[in-house]
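> Take a look and give me a structure for this.
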Amino acid sequence: MPELPEVETVRRGLLPALEHARLSGVRLHRPNLRYAFPEGFAARLEEAEILRLERRAKYLLFYLDTQEVWVTHLGMTGRFQVSDIDGQSLPLDGNYYHALRPDPKHLHVQVLASKDGVTRLIDFYDPRRFGFMLLLRPDELYAQGWYRGLGLEPLSDALSADALYALFHPRRPPLKSLLMDQTLISGLGNIYVCEALWRAGLSPDLPGDQLSHAKAAELTLAVREVLEEAVAAGGSSISDFASASGELGYFQHRFRVYDREDEACLRPGCAGTIARKTHSGRSTFYCPACQKS
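I've put the predicted structure just below:
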């Protein structure tokens, strides 16, 4: 499933084409994704202007001048692609690994977006159809349990050493589980939690109530750094993720622990070997030699 950096990469890729764009020609190629499209979905998007495009955790939020919010969750395999009206993919700024051609049979939503005299085609593909789209008023959005219960945004100023220490210090579950608890910190997934813990030199098994304030500061910095580096790299192209231009990110080539079981630890001076264990049904990759505290 795309994690926060992948979703933020998509947001930034869509921003130039969609922010302040007028929508038209909305076509649905099926009645549903994970859930049925909202009643009158296409008609309600027609002629709407996107005032701003935000991200909360792994949700994309298109704020419309109709006083509704177009909410999109990519699920496991959902992806947008921006093309000119002749169907040629438009390149994005940044560094990517290689292009991925989508299968037309997985094209479910098409929208025309006009801005500054230029009309672009916005396609949404989702092979497994675990993504979804909603149209909600802002007050309805904040009434949704899955939205209202989201924790701190890890790329915002809300996440600080003080905030992290206050969140984790009263809790006994291991750091790996706490970091992936979306009610505490929103948007963190398995890959970047493993990478952040390695950078901070912290054991994934360390109980939250044993995390010192100094280590909370190191972990906060590690979380922010790994996410920002991943966004700059266009995300990680494991599974089916692709950016809005159809290109793949390359942060997977910078993994220090994730999916490196039995390989040498890359920390200078460490002679350890990357191991794997399970937390809450998810694989955790770490170095037992240098992630002790």
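
> And the closest residue to residue 110 other than its chain neighbours, how far from residue 36?
Leaving aside its sequence neighbours, residue 110 sits nearest to residue 27 (CB to CB, 6 or more residues apart in numbering; 4.5 Å). The C-beta positions use only the backbone N, C-alpha and C, and glycine is treated the same way. To residue 36, residue 27 is 16 Å away according to CB to CB, to the nearest Å.

> For the helix or strand residue 224 falls within, name the packing helices and strands.
Residue 224 belongs to helix 213-232 when assigned by DSSP states H and E. Secondary structure elements in contact with helix 213-232, counted by 3 or more CB pairs under 8 Å, 6 or more residues apart in numbering; DSSP states H and E, are helix 4-18, helix 161-168, helix 190-200.

> Could you point out the helix or strand that follows the longest one?
Translated: helix 4-18. Remark: after helix 4-18, the chain's next helix or strand is strand 22-28, criterion DSSP H and E.

> Same question for the shortest one.
Scanning forward in sequence from helix 161-168, with DSSP H and E defining helices and strands, the next element found is helix 175-179.

> Contacts for that following helix, please.
With CB atoms under 8 Å, 6 or more residues apart in numbering as the test, helix 175-179 has contacts from 167-168, 171, 184-185, 188, 193-194, 196-197, 202-208, 211, 219, 223, 279-280, 284.

> mind listing what the nearest residue to residue 111 once chain neighbours are set aside touches?
Leaving aside its sequence neighbours, residue 111 sits nearest to residue 122 (CB to CB, 6+ apart; 4.5 Å). Residue 122 is in contact with 14, 17, 18, 80, 81, 82, 110, 111, 112, 113, counting by CB under 8 Å, 6+ apart.

> What does the pLDDT read for the second one?
You'll see residue 17 listed with a pLDDT of 90.
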